[in-house]
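Q: return atomic coordinates for the entry below.
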Amino acid sequence: MELRIDRQALVPVVQQIVDALASGIRQGAVPPGARLPSIRRLARENLLSQASVHEACQRLVAQGVLASRHGSGFLVASGPLGWHEPVDQCWPPGISYQHAALGDGSPGALELGGGGLPESWRESDDLGYAIRQVTRTDMAGLFNYSTPMGLPALREQLSRRLKQFDIDADENLILTTTGVSHGLDLVVRTLLLPGSCVVVESPGYSKLFDLLRLHGINMIELPRTPHGPDIAALECLLATHRPNALFINSACHNPTGSNLSLAVAQRLLELAKEHAMLVIEDDVYADFQGSTLVRLAALDADVIYLGSFSKTLSSSLRVGFVVAGPCVIARLSEVKGITSMGGSRFSEAVLTHLLANGAYRKLVQRQRQRLNADMAMTLQLLDEADWEIFGKPAGGLFIWARPPICDYGRLQRLARYSGIQLSSRTAFSPSGTDTDWLRINVAHARDPKALAFFHATALDRPQVF
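A: A predicted model of the protein is given here:
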């Protein structure tokens, strides 16, 4: 069985073996239920190590393609899912095998629409120094819960930092959380009842939709424009519904990358007052574009504001916060104590150190500079490839874009051949509606796989004469 391994390719040899075996099985080289050639034979005929072939077969067992039988080697599983589908053997123009990897979540696939920074962007020096400092100087932080509201020193730092966004929040109005997800969960379970009705943006944050469904909350979709929520649509739905709350991602919106304009923000707050509707502002991407953007919490102290350091500093550190009025903060603090006992004093102490010594401020400045350059480059690439752009973001992490290829199956094949995993077509809609728009993470756009994919979509689009 010839596997045709390319040793000059960027794709690891084991993954190439997996792909080649799977392709051969799809083409009927080994029928369902039949025994695969022995590991020794496959290795000898293809000049491979037995260890690499064995590892590839184990992966195919985990995927349900092969079955392992003691004393019988590896067998092709009976009727594996998808084997009846024809294999497209035609490489798109401009793409060689060295770019090829499965774009469906398999190892090596690039998540072009991923929700955070690449691991290569993460900086460990300052974080490691802060961890060592806390370990040496704060033994209580290693073993004890934080205080119910969060470390006073951290809340003091957060209060100072929020002033950069024109948000006036006394430290007693700030509650620390285990990231924004924990903060949203506290808000939903404390302030909303099952059966309540809320307004959410569409497209919007998929994990928020999942959280609201988990708590039995009904969602009303509000279209997002390049300048914020569609105010005319909001006025119409408020005339027919009585929502308890509105959830909004004001700045560096996920997934569109758009920002809230001042006029839209002011009218939104007027409508919220008129209809006694809570406004919950998720600003998890705040530091990717700085303090010049409009925040609802800076215009109205009644807005419940959430932030986090997971996207910029560390997803493992898990420190976020909620800003709200005294009565709301007191209720959230009580529920936090019941459900989680308290946050991580160690994580909060590490973050306090980074905020106090200026290391965090310098970190996000470097990230913004890189993101601004990548944003400009990606917008140019997409424009040259004839993609449609939603609003052309001025900074931040995301671009919401529609490819020039209408055939989604063809687009997926181009992505797979390029080693790309595309963002979900349904996750950004509260109702799970399909969309032909994709979330592009600009921090991934310089990757060779992303460049190959954009190039392929440009070559593949229909020609107009």
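Q: and the residue nearest the centre of this protein?
A: In the chain, the C-alpha nearest the mean C-alpha coordinate belongs to Gly115, at 2.0 Å (Cα atoms, centre = their mean).
Q: who's in contact with Leu3?
A: The contact partners of Leu3, by Cβ atoms under 8 Å, 6 or more residues apart in numbering, come to Gln16, Ile17, Ala20, Leu21, Gly24, Leu42, Asn46, Leu48. Every C-beta, even on glycine, is put in place using the N, C-alpha and C of the backbone.
Q: recalculate using a threshold of 7 Å.
A: By Cβ atoms under 7 Å, 6 or more residues apart in numbering, Leu3 lies in contact with Ile17, Ala20, Asn46.
Q: check the secondary structure at the residue lying closest to the second one once chain neighbours are set aside for me.
A: Pointing back at Ala20 there. Leaving aside its chain neighbours, Ala20 sits nearest to Leu3 (4.0 Å; criterion: Cβ to Cβ, 6 or more residues apart in numbering). Recorded secondary structure, Leu3: coil (DSSP: H, G, I helix; E, B strand; the rest coil).
Q: quick check on Leu3: phi, psi?
A: Note on Leu3: its backbone torsions stand at phi -100, psi -20 [degrees, to the nearest 10].
Q: strands of the stretch 201-350 of the chain, start to end?
A: 218-225, 228-229, 245-248, 278-282, 304-308, 320-323 (DSSP state E, counting those that start in this stretch).
Q: and of the ones you listed, who's closest to Ile420?
A: strand 218-225 (24.8 Å; Cβ to Cβ).
Q: name every strand pairing with that closest one and say which way it goes.
A: strand 197-202 (parallel), strand 228-229 (antiparallel) (DSSP bridges).
Q: and these, which is most packed in?
A: Among the strands paired with strand 218-225, ranked by average contacts under mean count of other Cβ atoms under 10 Å, first place goes to strand 228-229 (a mean of 27).
Q: re the thing from before, now the strands of the stretch 201-350 of the chain as TSV including mean pLDDT?
A: TSV is the format used below for those (pLDDT from 0 to 100):
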stretch	mean pLDDT
strand 218-225	96
strand 228-229	95
strand 245-248	98
strand 278-282	97
strand 304-308	96
strand 320-323	97
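Q: so which of these gets nearest Ala401?
A: strand 218-225 (14.5 Å).
Q: show me which residues of the closest one are buried.
A: Met219, Ile220, Glu221, Leu222, Arg224, Thr225 (16 or more other Cβ atoms under 10 Å).
Q: now what about that strand, what contacts it?
A: Here strand 218-225 has contacts from 195-204, 209, 212, 229-230, 233-234, 237, 241, 243, 253, 256, 258, 430-431, using Cβ under 7 Å, 6+ apart.
Q: likewise for stretch 16-31?
A: Contacts of stretch 16-31 (Cβ under 7 Å, 6+ apart): 1, 3-6, 9, 36, 52-53, 56, 59-60, 65, 76, 83, 87, 102.
Q: tell me how far the ends of stretch 289-298 are from each other?
A: Stretch 289-298 has an end-to-end distance of 16 Å (Cα to Cα, to the nearest Å).
Q: ok now that stretch, how far from the chain's centre?
A: 21 Å (Cα atoms, centre = their mean, to the nearest Å).
Q: got the contact list for that stretch?
A: Contacts of stretch 289-298 (Cβ under 7 Å, 6+ apart): 164-167, 248, 250-252, 259-262, 265, 269, 279, 281, 283, 303, 305, 323, 368, 395-396.
Q: how about stretch 343-362?
A: Contacts of stretch 343-362 (Cβ under 7 Å, 6+ apart): 126, 130-131, 133-134, 138, 140-142, 144-146, 150-151, 153-154, 157, 161, 176-178, 309, 313, 317-319.
Q: just checking, which of those residues belong to helices?
A: Within the contacts of stretch 343-362, residues falling in helices by DSSP state H are Asp126, Ala130, Ile131, Gln133, Val134, Ala140, Gly141, Leu142, Ala153, Leu154, Gln157, Arg161.
Q: can you tell me which of the residues you listed are buried?
A: Asp126, Ala130, Ile131, Val134, Gly141, Ala153, Leu154, Gln157, Arg161.
Q: state the distance from the closest residue to the fourth one other than its chain neighbours to Ser431.
A: It refers to Val134. Distances taken as Cβ to Cβ, 6+ apart place Ala349 nearest to Val134, at 4.6 Å, with adjacent residues excluded. Ala349 sits 43 Å away from Ser431 when distances are taken as Cβ to Cβ, to the nearest Å.
Q: spell out the residue ranges of the helices in the stretch 1-150 of the chain.
A: Secondary structure of the stretch 1-150 of the chain by DSSP state H, counting those that start in this stretch: the helices cover 13-26, 39-45, 50-62, 125-137, 139-143.
Q: pull out the buried residues from the third one.
A: Using 16+ other Cβ under 10 Å as the test for burial, helix 50-62 gives Ser52, Val53, His54, Ala56, Cys57, Arg59, Leu60.
Q: so which elements touch it?
A: helix 13-26, helix 39-45, strand 66-69 (3 or more Cβ pairs under 7 Å, 6 or more residues apart in numbering; DSSP states H and E).
Q: return the mean pLDDT over the longest one, rounded to an integer.
A: Computed over helix 13-26, the mean pLDDT rounds to 85.
Q: in the stretch 351-465 of the chain, which spans are strands?
A: Using DSSP E, counting those that start in this stretch, strands in the stretch 351-465 of the chain cover 388-389, 398-402, 420-421, 438-441.
Q: for the last one, list the C-alpha coordinates in CSV.
A: Right, the one you point to is strand 438-441. Provided in CSV are the C-alpha atoms of strand 438-441 (Å, rounded to 0.1, in the frame of the first residue of the first chain):
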residue,chain,number,x,y,z
LEU,A,438,-16.9,34.1,8.6
ARG,A,439,-15.0,35.4,11.7
ILE,A,440,-11.3,36.1,10.8
ASN,A,441,-8.8,36.4,13.6
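Q: mind listing what it pairs with, with the direction of each?
A: strand 398-402 (antiparallel).
Q: in the partner strand, which residues are buried?
A: So for strand 398-402, counting by 16+ other Cβ under 10 Å, buried means Phe398, Ile399, Trp400, Ala401.
Q: can you list those in CSV and add distance to Ala452?
A: Output for those, formatted as CSV (distance: Cβ to Cβ, whole Å):
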residue, distance to Ala452
Phe398, 21
Ile399, 18
Trp400, 22
Ala401, 17
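Q: contacts only, for the residue lying closest to Ser308 once chain neighbours are set aside.
A: Once flanking residues are discounted, Ser308 sits nearest to Gly320: 3.6 Å by Cβ to Cβ, 6+ apart. Contacts for Gly320 (Cβ under 7 Å, 6+ apart) come out as Thr177, Thr178, Gly179, Val180, His182, Gly183, Leu306, Gly307, Ser308, Ser310.
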